[in-house]
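# What follows is a predicted protein model with its sequence.
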Amino acid sequence: MADISPAPAPAAPRVRFAPSPTGFLHVGGARTALFNWLYARHHGGAMLLRIEDTDRARSTAESTRAIFEGLTWLGIDWDEDVVYQAQGLARHQADVRTLLERGAAYRCFCTQEELAVRRAEAEQRRESFRYDRRCDRLPDDEVQRRVEAGVPHVIRFRVPGGVTAWDDLVHGRIEFPNQDIEDFVVLRSDGTPIYNMAVVSDDIAMRITLVMRGDDHVSNTPKQILLYRALGHELPQFAHVPMIHGTDGRKLSKRHGATAVGDYREQGILPAAMVNFLALLGWSPGGDREVMALGEMIELFSTDGLQKKPAIFDPTKLEWMNGQHLSRTPAAELEALVTSELVQQGLATAEELAAQHDWYLALIDLLKVRARTTHDLVRHAVPYFRADFPYDPDAVAKAWKDADRTAHLLAGARDRLSALPEWRADAMEASLRALADQEGVAAGKIFQPLRVALTGMGVSPGIFEVLETLGRDRALVRIERAVRTLREGG
RNA sequence: GGCCCCAUAGUCUAUCGGUUAGGACGCCACUCUUUCAAGGUGGAGAGACGGGUUCGAUUCCCGUUGGGGCUACCA
């Protein structure tokens, strides 16, 4: 058995992300892409993107677009033209021909039906099925005769004896006895290559130096290594990163709810938070680093920090992470996103927002601290844009419990506030606290009903910030309206 | 079934033979306080099990158990 020592890490590594365009960009795929990207950016190498569209039946252009969109949203870019695997067909076939010429592969005429029967029989005998190489024992002239007669056949790789092993960057040495690997098909009877063949052919052509992909590919790796060697090519390094599982510990799938990165975008998650969270599933920079910007992650990324065991996707922690990023992001950077949501909900037009730009940015800064998602933020922004904001029944029930008393207090607040020469927080606070003293109630007994009068909600930023942000006129109208409502209702 | 991988709290993780096993999410208190969030303080909560190796194992080795992945003319 030849020693398979890992190739030394090249000065300018080339990595790739190679999704098949059969759905949306999955969080697992996104994370694999992210790790590759971080690696490339950290080492000053190249990040390539290859669309594995050889399964024509399942591949769609829409899905390819979704992958581009998802990656772009996350801030993951790539360095060269996108490679479409299906376009490499001629090269894939040429590589298979090389295999055949070198005697590393042979033609197999067994039909899928025959194979299915033999597989079933083996199953019944409780034996594991492996192709028995019967076609490899066909005399040359018989093979020739069938080929000339146009008998459909596949090309199988002849797996040599020995052991195939590699030093995985995350797992260390992994070995597979070759006897456990069957003579796998490399070319279908229709002349198209099978996955492992296409991957190796492409990775060679793309001069990939590190193959970093999900753990579900470790059992493909010995086959691919065998192919590299039969083709006479140097091996890349391999790194198999753990899978992402759902809360039930199983491979993440549809029934776990949101699994596409686009789903999280729609839930008001920031790309920076998504990327941060994803990076921390299966990777740790060491120490206690958690909330990080992209640049920090690039700087800190190393395959040494890659985890071996699968991680469970915890949406609650994602939301926390998002809240952290939301709080730390300047309003100006949140603006575009928030604006699009406000416009979409009909709360404001872009022109209106632009006309009161400073006020708008201050509002975002005011609300972002309390929000976990941009949806939270927009929800809390409603009363600043609409006079007919809804009243939260729970908040009303709690804060306006005693209608007469509340009306009295709010009327007092109205009188004092309207008498103020300047609409400033410190003056308003002094004035309302004096009112509380005068009425012999805790200040909160005034603030909370006021909050509901101004926003309809039991939760808001500090009441004086709300008053300032709303402005004198709107605030006084709302207080007056509350007083009237309470008196009429009572 | 066969092959491969994995194993620190409910979850994400630190530890690279010697630690009161650290941090984060979540949870529970307390604090700040006009509400909520954020912040601060504190708390409950972990090395699956059994053997070795060693003066000493979470850490190294073996086994068991458990979990996961792969097992197509899918990718």
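Yep, it's here.
# any low-confidence regions in chain A?
A:1-10, A:254-255, A:490 (pLDDT under 70).
# Which residue ranges of it form strands?
For chain A, applying DSSP state E gives strands covering A:14-17, A:46-51, A:83-84, A:105-108, A:154-157, A:163-168, A:172-177, A:185-187, A:210-214, A:237-241, A:244-245, A:311-312.
# Make TSV out of those strands and add distance to A:Asp473 and mean neighbour count.
Backbone N, C-alpha and C define where each C-beta goes, glycine included. Below are these laid out as TSV (distance: least, C-beta to C-beta, whole Å; neighbours: other C-beta atoms under 10 Å):
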stretch	distance to A:Asp473	mean neighbour count
strand A:14-17	55	24
strand A:46-51	54	22
strand A:83-84	60	18
strand A:105-108	82	22
strand A:154-157	80	23
strand A:163-168	68	18
strand A:172-177	70	13
strand A:185-187	77	24
strand A:210-214	59	23
strand A:237-241	58	22
strand A:244-245	52	22
strand A:311-312	52	16
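# For A:Glu127, which of those strands is the nearest?
Shortest distance between A:Glu127 and those, using C-beta to C-beta, is found for strand A:172-177: 17.1 Å.
# ok, back up a step: could you export the strands of chain A to JSON lines, including columns for distance to RNA strand B?
As requested, the strands of chain A are exported to JSON lines (distance: least, C-beta to the nearest atom of the strand, whole Å):
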{"stretch": "strand A:14-17", "distance to RNA strand B": "12"}
{"stretch": "strand A:46-51", "distance to RNA strand B": "9"}
{"stretch": "strand A:83-84", "distance to RNA strand B": "11"}
{"stretch": "strand A:105-108", "distance to RNA strand B": "8"}
{"stretch": "strand A:154-157", "distance to RNA strand B": "5"}
{"stretch": "strand A:163-168", "distance to RNA strand B": "8"}
{"stretch": "strand A:172-177", "distance to RNA strand B": "4"}
{"stretch": "strand A:185-187", "distance to RNA strand B": "4"}
{"stretch": "strand A:210-214", "distance to RNA strand B": "8"}
{"stretch": "strand A:237-241", "distance to RNA strand B": "7"}
{"stretch": "strand A:244-245", "distance to RNA strand B": "7"}
{"stretch": "strand A:311-312", "distance to RNA strand B": "4"}
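# right, and these - which one's nearest A:Thr60?
strand A:46-51 (10.8 Å).
# by contact count, what packs against that closest one?
strand A:14-17, helix A:27-43, helix A:61-74, strand A:83-84 (3 or more C-beta pairs under 8 Å, 6 or more residues apart in numbering; DSSP states H and E).
# Compare the ones you listed and give me the one nearest A:His357.
Using C-beta to C-beta and comparing the helices and strands packed on strand A:46-51, the one that lies nearest A:His357 is helix A:61-74, at 25.6 Å.
# any residue of that closest one up close to RNA strand B?
No - with C-beta under 7 Å from any atom of the strand as the measure, helix A:61-74 is seen stopping short of RNA strand B, the closest distance being 11.5 Å.
# What residues sit buried inside that helix?
A:63-64, A:66-68, A:70-71, A:73-74 (16 or more other C-beta atoms under 10 Å).
# so what's the residue in chain A sticking out farthest from the centre closest to, chain neighbours aside?
Of all residues in chain A, A:Gln438 has its C-alpha farthest from the mean position, at 56.1 Å, by C-alpha atoms, centre = their mean. Among residues not flanking A:Gln438 along the chain, A:Gly412 sits closest, at 7.9 Å (C-beta to C-beta, 6 or more residues apart in numbering).
# related to what we said a few turns ago, closest one to A:Val378 among the helices and strands packed on strand A:46-51?
Of the helices and strands packed on strand A:46-51, nearest to A:Val378 by C-beta to C-beta is helix A:61-74, at 18.7 Å.
# What separation do you get for A:Arg126 and RNA strand B?
With distances taken as C-beta to the nearest atom of the strand, to the nearest Å, A:Arg126 is found 6 Å from RNA strand B.
# again, but for A:Arg134
13 Å.
# Now do the contacts for that residue.
A:Cys110 (C-beta atoms under 8 Å, 6 or more residues apart in numbering).
# Check the one 3 residues further on too.
For A:Arg137, the contact set (C-beta under 8 Å, 6+ apart) is empty.
# Could you report the distance from the closest residue to A:Gln85 other than its chain neighbours to A:Ala90?
Leaving aside its sequence neighbours, A:Gln85 sits nearest to A:Glu52 (C-beta to C-beta, 6+ apart; 4.7 Å). Distance of A:Glu52 to A:Ala90, computed by C-beta to C-beta, to the nearest Å: 17 Å.
# Neighbour count: those two, which is higher?
Neighbour totals were compared for A:Glu52 and A:Ala90, and A:Glu52 leads with 19 against 8 (other C-beta atoms under 10 Å).
# Phi, psi for that one please.
phi -90, psi 80 (degrees, to the nearest 10).
# and if you look at A:Asp132?
Dihedral angles for A:Asp132 - degrees, to the nearest 10 - are phi -90, psi 10.
# how many other residues sit next to the residue lying closest to it once chain neighbours are set aside?
In space, and not counting its chain neighbours, A:Asp132 is closest to A:Arg118: 7.8 Å by C-beta to C-beta, 6+ apart. The tally of other residues near A:Arg118 (other C-beta under 10 Å) stands at 15.
# my read: A:Gly323 touches A:Thr374, true?
No - if you go by C-beta atoms under 8 Å, A:Gly323 and A:Thr374 don't touch, sitting 10.7 Å apart.
# More neighbours: which of these two?
Comparing A:Gly323 with A:Thr374 by other C-beta under 10 Å, the one with more neighbours is A:Thr374, at 23 against 19.
# what residues are up against the more buried one?
A:Thr374 neighbours (C-beta under 8 Å, 6+ apart): A:268, A:270, A:326, A:334, A:337-338, A:341.
# near RNA strand B, which residues of the stretch 251-400 of chain A?
A:251, A:280-284, A:286-288, A:290, A:305, A:307-312, A:314, A:316-317, A:320, A:323-324, A:327, A:369-370, A:372.
# Of these, keep whichever come out buried.
A:280-284, A:310-311, A:320, A:323-324, A:372.
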